[in-house]
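1. show me the folded form of this:
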Amino acid sequence: MEMKYPSIVDIPADEFQPLQKNTEEEREEIAAPSLNFLQDSWRRLKKNKAAVISMILLAVIIIVSIVTIFISPQDPSKQNVDYINLPPRVPGLNIDGLNGKTMVAGELVDKYAQADVPGNVNYLLGTDGLGRDVLSRLFMGTRISLLIAFIAALFDITLGVAYGLISGMLGGKVDNAMQRFLEILSGIPNLVVMILMLVVFEPGIFSIVAAMAITNWIPMARIVRAQTLKLKDQEYVLAGMTLGESKWKIAFKHIIPNISSVIIIQMMFSIPTAIFFEAFLSFIGLGLTPPAASLGTLLNDGYKTFLYLPYLLWIPAVTISLIMICFNLLADGLRDAFDPKMKE
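-> Take a look at the predicted model:
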């Protein structure tokens with residue numbers, strides 16, 4: 001059987017277009033923009049929505065805490081026995097529980113009318129058992145709790161990083177002795193240290209910070225030591241030592257910048273731990289003393305009247321929970337952002 005092939009049609013040469021040849025420089029050109037470590041980390045962090053939202057909320061809380069030092073709705077320490085235990089009243093909001101009315105003996109009562117509170121005087125979060133504005137005391141308590149937490153973070157950076165770096169760089173018998181000292185300190189409970197601080201000092205911010213300064217920097221020191229031991233045997237460190245650089249110059253110029261991400265992440269995790277530690281001490285009566293306020297003292301005041309005035313407990317409880325969750329989510333986001341091996 002004879003095969004039939006389609007006829008071949010000649011295509012004019014002018015219909016052909018030559019391909020554009022790229023030069024070697026164009027083929028090797030990097031299309032993506034060049035990013036340094038911080039820019040690349042910020043790019044990764046922005047992809048984590050929870051971390052970004054947490055960072056924005058923490059920025060708002062910190063700014064409000066600082067601004068309310070100078071501008072506050074009321075004096076947080078001023079007592080007014082005529083306006084005790086007033087429920088929240090928000091102008092223009094007619095919702096039971098937020099309009100100055102509360103249940104008393106099964107009946108809805110306007111507490112502001114009973115106390116003859118002027119119509120232009122509103123307590124957005126109510127008042128406590130001594131007539132103090134809860135909102136103003138919340139600003140004060142948040143500010144003091146954050147202050148104590150950041151002081152604890154400062155101790156982590158100074159004591160923890162310095163101790164861990166010295167222990168890791170020197171190694172040998174010095175490292176062994178320094179780690180045995182850490183084991184002794186870590187075996188002492190924080191509560192025992194706090195009680196000993198109260199024997200020596202008056203209860204307050206200084207005694208809480210002193211208790212944290214003794215033990216809370218230990219995890220940071222151990223992490224920095226482990227990272228230092230891992231990095232000091234790297235080729236670039238050995239090359240620097242071969243060229244005559246001192247150990248400490250190499251430590252500050254090469255090792256600390258390379259472990260800075262680990263330090264930042266650990267510091268972010270230590271801040272909520274310090275906030276909880278302060279709140280716990282103040283809650284059991286070993287922290288701040290009146291009229292000073294912290295989130296722990298507000299919780300201590302609120303739980304006593306929880307059945308009758310639940311807002312006095314819920315307000316500081318929600319605040320401390322929000323702060324701790326935001327710090328932990330931000331720390332998780334930073335850990336992922338600083339990890340170059342993370343999958344896109």
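
2. now the closest residue to residue 178 other than its chain neighbours: how far from residue 155?
-> Using Cβ to Cβ, 6 or more residues apart in numbering and skipping residues adjacent in sequence, the residue nearest residue 178 is residue 167, 4.3 Å away. Yep, even glycine has a C-beta here, placed from its N, CA and C like the rest. Distance of residue 167 to residue 155, computed by Cβ to Cβ, to the nearest Å: 17 Å.

3. now do residue 72
-> Distance of residue 72 to residue 155, given as Cβ to Cβ: 29 Å.

4. who has more neighbours out of these two?
-> Between residue 72 and residue 155, counted using other Cβ atoms under 10 Å, the more crowded position is residue 155 (19 against 15).

5. check which helix or strand covers the more buried one.
-> helix 134-155 (DSSP states H and E).

6. of all the residues in whichever helix or strand comes after that helix, which ones are buried?
-> Remark: after helix 134-155, the chain's next helix or strand is helix 161-170, criterion DSSP H and E. By 16 or more other Cβ atoms under 10 Å, the buried positions in helix 161-170 come out as 161, 163, 164, 165, 166, 167, 168, 169.

7. pLDDT averaged over helix 161-170 - what is it?
-> Averaged across helix 161-170, the pLDDT comes to 89.

8. what count of nearby residues applies to residue 125?
-> Neighbours around residue 125, by other Cβ under 10 Å: 21.

9. got the domain ranges for the chain?
-> 82-114, 129-337 (automatic domain parsing).

10. least reliable of those going by mean pLDDT?
-> When I compare those, domain 82-114 is least confident, with a mean of 79.

11. could you list the buried residues of that domain?
-> Neighbour-count burial for domain 82-114 [16+ other Cβ under 10 Å]: 83, 85-89, 97-102, 111-112.

12. which among those gets closest to residue 306?
-> Relative to residue 306, the closest of the buried residues of domain 82-114 is residue 85; by Cβ to Cβ it sits at 12.8 Å.

13. from residue 116, how far out is that closest one?
-> According to Cβ to Cβ, residue 85 stands 15 Å off from residue 116.

14. next one: residue 38
-> Distance from residue 38 to residue 116, by Cβ to Cβ: 59 Å.

15. and what of residue 330?
-> Counting by Cβ to Cβ - residue 330 and residue 116 are separated by 46 Å.

16. how far off centre is stretch 111-129?
-> 35 Å (Cα atoms, centre = their mean, to the nearest Å).

17. should've said stretch 253-270
-> Relative to the chain's own centre, stretch 253-270 is displaced by 15 Å; criterion: Cα atoms, centre = their mean.

18. who's in contact with it?
-> Applying Cβ atoms under 8 Å, 6 or more residues apart in numbering, the contact partners of stretch 253-270 are 41, 152-153, 156-157, 161, 165, 169, 216, 219-220, 223-224, 227-228, 231-232, 236-237, 240, 327-328, 330-331, 334-335, 338.

19. then it to CSV, C-alphas only?
-> In CSV, the C-alpha atoms belonging to stretch 253-270 read as follows (Å, rounded to 0.1, in the frame of the first residue of the first chain):
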residue,chain,number,x,y,z
LYS,A,253,33.9,40.4,66.7
HIS,A,254,32.8,37.0,65.4
ILE,A,255,31.1,34.8,68.0
ILE,A,256,28.6,37.3,69.5
PRO,A,257,27.3,38.5,66.2
ASN,A,258,26.8,34.9,65.0
ILE,A,259,24.9,34.0,68.2
SER,A,260,23.0,37.3,68.4
SER,A,261,19.8,35.7,67.1
VAL,A,262,19.9,33.0,69.8
ILE,A,263,20.4,35.7,72.4
ILE,A,264,17.5,37.8,71.2
ILE,A,265,15.2,34.8,71.1
GLN,A,266,16.1,33.7,74.6
MET,A,267,15.6,37.2,75.8
MET,A,268,12.2,37.4,74.3
PHE,A,269,11.2,34.1,76.1
SER,A,270,12.6,35.4,79.4
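
20. fine, thanks again, bye for now.
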